[in-house]
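S.K.: pasting a predicted model and its sequence here:
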Amino acid sequence: MDYDNAKGKGITKGLILIVFVCINVISFLMSMSNGAVNISYKEIIEALFSSESTVNYQIIWNVRLPRTIVASLVGTCLALSGAILQGIMRNPLAGPNTIGVSSGAGLLTLTVLILFPDFYNLAPLGAFFGALLATLFIYFLAWKGGASPMRLILAGVAVSSLLGAGNNIIMTFYPDKVSGVIGFMVGGLSAVNWKHVSMIWPYALIGIALVLLIPNKLNILMLGDEVAIGLGVHVERTRFFFIIISSLLAGAAVSVVGLLGFVGLIVPHTTRIFIGSDYRYLLPATIFTGSTTVLLCDTLARVLFAPIEIPVGIIMSALGAPFFLYLLRRKGEY
């Protein structure tokens with residue numbers, strides 16, 4: 001009977017996952033369709049498979065398609081990074097932007113953009129190392145015979161504030177270059193092209209593949225350190241491995257879109273409501289819900305005040321801040 005129940009739950013979660021995939025495909029098409037020039041779904045298909053250089057062809061291939069791909073990958077990376085952090089810290093308030101991971105990636109990326117613009121293609125690698133160094137610093141500050149989830153959260157908040165000050169210092173010393181990085185500080189996709197696609201996809205693919213290979217380790221960590229040790233898991237080593245993956249994913253996203261906040265906080269938590277906390281289902285579902293969230297928010301940012309476009313980061317902040325306050329006011333443990 002227990003086997004039948006487990007099988008039934010697996011089928012239900014599989015159906016939910018299929019629904020998420022379908023919604024993601026629809027949001028992908030909506031992103032391609034809406035903007036300064038509206039293009040019908042039929043015209044999108046014709047432009048994608050046509051060799052004739054029409055106006056729609058130029059818009060789709062040179063503007064909409066690379067932007068949509070990057071938005072999808074950014075949403076996936078940030079959402080998976082948040083899901084990992086919430087799992088290893090057992091705290092729904094954990095996320096790449098709330099504990100300093102994104103700030104570390106942002107500081108090093110901003111340094112590259114302002115001080116070494118000729119090495120722009122190395123921004124994802126710099127962002128990864130920035131996120132990783134920030135995470136290591138947080139880990140060092142939180143270590144006291146082990147790194148408890150609560151100490152990691154508190155250390156992350158402090159480090160995030162410190163790194164934010166570093167960003168402000170750079171912009172203060174180089175005011176002539178600030179106008180070129182405003183979109184980066186807010187989080188935007190307006191200038192995205194195929195170069196950004198080539199920058200993010202290798203790192204995103206590596207991070208996603210690593211995450212999907214070992215979801216059971218996250219399930220064990222969710223049970224608590226003592227139980228995990230009893231099951232033969234090296235807790236600190238495993239937690240540190242997942243932090244590295246989270247840094248890679250967050251760094252890849254930040255390097256191309258900037259400091260886009262709250263995706264890693266909202267998406268994993270909301271997805272968990274629908275599909276549960278089993279990471280065998282949660283991680284694949286988060287891939288599609290993260291992609292869908294950023295795609296829809298970017299589409300809204302383009303059409304809300306058309307023909308004026310606002311950064312997608314503003315939309316995410318408007319959604320994320322109330323959600324963060326809601327989590328703070330919730331009673332009970334994660």
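M.R.: Great, that's in hand.
S.K.: where in the stretch 151-300 of the chain is pLDDT low?
M.R.: 178-182 (pLDDT under 70).
S.K.: now with 80?
M.R.: 151-153, 175-186, 224-225, 236, 261 (pLDDT under 80).
S.K.: can you map out the strands along it?
M.R.: Counting by DSSP state E, counting those that start in this stretch, the stretch 151-300 of the chain has no strands to list.
S.K.: where do the helices of it begin and end?
M.R.: 182-186, 194-213, 215-221, 225-230, 235-257, 263-275, 279-303 (DSSP state H, counting those that start in this stretch).
S.K.: gap between the last one and the chain center?
M.R.: The one in question is helix 279-303. Mean-position distance between helix 279-303 and its chain equals 9 Å (Cα atoms, centre = their mean, to the nearest Å).
S.K.: and that helix, what does it pack against?
M.R.: Secondary-structure packing of helix 279-303 (3 or more Cβ pairs under 8 Å, 6 or more residues apart in numbering; DSSP states H and E): helix 2-33, helix 65-89, helix 194-213, helix 215-221, helix 263-275, helix 312-329. In short, each C-beta sits where N, CA and C put it, glycine included.
S.K.: now the angle from the last one to helix 263-275?
M.R.: It refers to helix 312-329. 60 degrees (axes from the mean of the first three to the mean of the last three Cα atoms, to 10 degrees).
S.K.: which parts of helix 312-329 are buried?
M.R.: Val312, Gly313, Ile315, Met316, Ser317, Leu319, Gly320, Phe324 (16 or more other Cβ atoms under 10 Å).
S.K.: OK, contacts around Leu282?
M.R.: Ala83, Pro215, Pro268, Thr271, Arg272, Ile275, Gly276 (Cβ atoms under 8 Å, 6 or more residues apart in numbering).
S.K.: that older thread, Ile44 is nearest to which of the helices of the stretch 151-300 of the chain?
M.R.: helix 279-303 (13.5 Å; Cβ to Cβ).
S.K.: what's the angle between the closest one and helix 194-213?
M.R.: 160 degrees.
S.K.: so which bits of helix 279-303 are buried?
M.R.: Quick answer for helix 279-303 (16+ other Cβ under 10 Å): 279, 281-302.
S.K.: and the residue nearest the centre of this protein?
M.R.: Leu78 (0.9 Å; Cα atoms, centre = their mean).
S.K.: nearest residue to Arg280 other than its sequence neighbours?
M.R.: Pro215 (4.8 Å; Cβ to Cβ, 6 or more residues apart in numbering).
S.K.: next, count neighbours for the one you found.
M.R.: 17 (other Cβ atoms under 10 Å).
S.K.: picking that back up, show me what contacts the residue nearest to the centre of the chain?
M.R.: With Cβ under 8 Å, 6+ apart, Leu78 has these contacts: Pro96, Leu249, Ala250, Ala253, Leu260, Val263, Gly264, Val267, Gly290, Val294.
S.K.: repeat that for 6 Å
M.R.: Ala253, Val263, Gly264 (Cβ atoms under 6 Å, 6 or more residues apart in numbering).
S.K.: distance check, the spatially closest residue to it that is not a sequence neighbour against Phe137.
M.R.: Once flanking residues are discounted, Leu78 sits nearest to Val263: 3.9 Å by Cβ to Cβ, 6+ apart. Val263 is 23 Å from Phe137, where distance means Cβ to Cβ, to the nearest Å.
S.K.: neighbour count winner among these two?
M.R.: For Val263 versus Phe137, the count of surrounding residues by other Cβ under 10 Å is larger for Val263: 33 against 18.
S.K.: next up, the contacts around the residue nearest to Arg280.
M.R.: Tyr279, Arg280, Leu283.
S.K.: same thing but at 8 Å, please
M.R.: Going by Cβ under 8 Å, 6+ apart, Pro215 touches Tyr279, Arg280, Leu282, Leu283.
S.K.: now do Leu210
M.R.: With Cβ under 8 Å, 6+ apart, Leu210 has these contacts: Ile245, Leu248.
S.K.: tell me the spacing between it and Phe242.
M.R.: 9 Å.
S.K.: quick check: the gap between Thr299 and Leu122.
M.R.: 31 Å.
S.K.: could you do Val101 as well?
M.R.: On the measure of Cβ to Cβ, Val101 and Leu122 end up 19 Å apart.
S.K.: more crowded one of the two?
M.R.: Val101 (34 against 15).
S.K.: my guess is that one contacts Ser247, does it?
M.R.: Yes: between Val101 and Ser247 there is a contact at 6.0 Å, judged by Cβ atoms under 8 Å.
S.K.: next, show the common contact partners of the two.
M.R.: Shared contacts of Val101 and Ser247, counting by Cβ under 8 Å, 6+ apart, come down to Ser81, Ala131, Ala134, Thr135.
S.K.: which one of these is nearest Pro307?
M.R.: Out of the shared contacts of Val101 and Ser247, the member with the shortest distance to Pro307 (by Cβ to Cβ) is Ser81, at 33.4 Å.
S.K.: cool, thanks, signing off.
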